[in-house]
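# below is the sequence, then the predicted model.
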Amino acid sequence: MLNLYLHIPFCKARCPYCDFYLVTRQEQIGAFFRALSFETALRSGDLKGKSVGAIHFGGGTPSLVPVRYLAGWLDEIAALCTFAPDIEIALEANPEDLSVETMDELRAAGVTRLSIGVQSFTNEKLRVLGRAHTALVSQQVTAGAIQRFDSVSVDLICGVPDENPAMWEADLHAALALCPHHLSLYMLSVEPKTMLYRKISKGLLTVPDDAVQASFYEKALSEVALHGYCHYEVSNFCIPGHHSRYNLASWKREPYFGFGPSAHSFFVSGENEIRTANVSSLTRYIDAPDKAEQFREELSAEERFTEEVFLTLRINSGLDVEFLRKENKLGYRFLESIEKFEERGWIRQQGGSLYLTDQGFLFADLIACDFING
Ligand code: SF4
């Protein structure tokens with residue numbers, strides 16, 4: 001089963017914390033989709049006859065694009081591939097774009113799942129994050145989306161400058177009151193070269209310290225568990241059966257093809273695992289879609305091992321101790337790591353596999369690094 005990703009690189013404006021590849025020149029939407037048709041046709045040999053389980057529209061802001069463009073690309077893909085009967089077609093959306101008419105059009109085009117970038121139900125936090133919507137709009141839109149789509153996910157961010165525990169608790173309660181099928185709860189990551197980074201560096205803004213951020217995460221875990229959500233990845237929670245199929249498949253290292261500028265692909269060719277990346281420039285993509293791919297690598301045994309350890313721990317599907325023993329070149333040291341992390345209460349062993357504890361999820365990457373590097 002193959003999954004597809006389309007990177008739609010348009011946003012109305014860049015949010016001060018965002019470092020994704022995007023442009024704000026919306027007049028290029030038509031040219032972008034013409035280039036996309038070209039790229040799709042060029043890759044038709046790889047797509048033809050394949051069964052597709054999930055299609056994910058990410059970005060950027062896919063909800064900014066008129067639905068007819070998305071529907072047109074889905075038709076092109078449908079002409080080449082077979083859609084699984086229960087296919088997930090997911091779209092990342094900003095609340096202010098989701099009028100009732102747009103949601104109905106998206107549904108008619110085949111979209112089954114919306115991932116809504118709410119980020120907060122507090123207007124104060126939304127202002128700091130530079131978002132264009134209000135808490136009220138998010139509430140109304142999320143409620144309307146739940147009536148129309150099979151699965152609706154709400155994204156929230158914590159650790160925003162000057163955020164206190166009461167604000168985060170209010171966000172969690174507001175989200176849970178709407179009963180979305182899925183929640184993505186992210187810690188704000190302060191990336192270099194962003195406006196937020198510059199303001200923090202100059203002392204104009206302060207983010208909550210590590211202990212407060214950890215308390216936000218712990219609060220989230222206890223609140224979502226009380227409401228019956230299953231914790232299936234570090235930052236992702238769902239009512240059983242409503243996980244993001246596209247994301248989970250990527251974390252399980254299942255093949256996917258990415259289209260559009262800066263999109264990545266992962267697939268198996270013979271004995272080899274291949275990763276590719278498209279050019280991170282809309283101009284170059286539009287000018288020469290036949291040269292969209294700018295990077296290709298065959299994963300070494302070591303890279304496969306590293307990915308397996310990092311991703312298996314993140315989705316908590318049980319990291320096989322025997323696998324670590326066989327594959328880890330520094331195997332004699334990782335046994336000490338297991339003991340160390342068990343003592344700290346970050347991992348537990350069950351049936352020959354390692355699982356992160358709630359506290360361990362906070363340190364998933366650190367634990368994985370320790371296993372890999374000894
Ligand atoms: S809407 Fe999303 S992708 Fe666009 S700038 Fe803001 S955070 Fe980045």
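Okay, I see it. Numbers count the residues shown, from 1 in each chain.

# chain center to the helix or strand of the chain with the lowest mean pLDDT: distance?
The helix or strand with the lowest mean pLDDT-type score in the chain, counting by mean pLDDT, DSSP states H and E, is helix 331-344 (a mean of 83). Relative to the chain's own centre, helix 331-344 is displaced by 30 Å; criterion: C-alpha atoms, centre = their mean, to the nearest Å.

# just stretch 259-274 next, same as before
On C-alpha atoms, centre = their mean, the centre of stretch 259-274 falls 18 Å from the chain's centre.

# then stretch 305-322?
Distance of stretch 305-322 from its chain centroid, counting by C-alpha atoms, centre = their mean, is 18 Å.

# could I have that stretch exported to PDB, CA atoms only?
C-alpha atoms of stretch 305-322 as PDB (Å, rounded to 0.1, in the frame of the first residue of the first chain):
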ATOM      1  CA  PHE A 305      18.900   1.200  12.300                       C
ATOM      2  CA  THR A 306      18.800   4.800  13.600                       C
ATOM      3  CA  GLU A 307      15.500   5.500  11.900                       C
ATOM      4  CA  GLU A 308      14.000   2.300  13.300                       C
ATOM      5  CA  VAL A 309      15.100   3.200  16.900                       C
ATOM      6  CA  PHE A 310      13.900   6.800  16.800                       C
ATOM      7  CA  LEU A 311      10.600   6.100  15.200                       C
ATOM      8  CA  THR A 312       9.700   3.000  17.100                       C
ATOM      9  CA  LEU A 313      10.300   4.700  20.400                       C
ATOM     10  CA  ARG A 314       8.200   7.700  19.300                       C
ATOM     11  CA  ILE A 315       5.100   5.600  18.400                       C
ATOM     12  CA  ASN A 316       5.700   3.400  21.400                       C
ATOM     13  CA  SER A 317       5.200   0.200  19.400                       C
ATOM     14  CA  GLY A 318       7.800  -1.700  21.400                       C
ATOM     15  CA  LEU A 319      11.500  -1.600  20.600                       C
ATOM     16  CA  ASP A 320      12.700  -5.200  20.400                       C
ATOM     17  CA  VAL A 321      15.700  -5.700  22.800                       C
ATOM     18  CA  GLU A 322      16.900  -8.500  20.600                       C
END
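
# name the residues of it that are buried.
Across stretch 305-322, burial judged by 16 or more other C-beta atoms under 10 Å covers 305-317, 319-321. Bear in mind the C-beta positions are built from the backbone N, C-alpha and C, glycine included.
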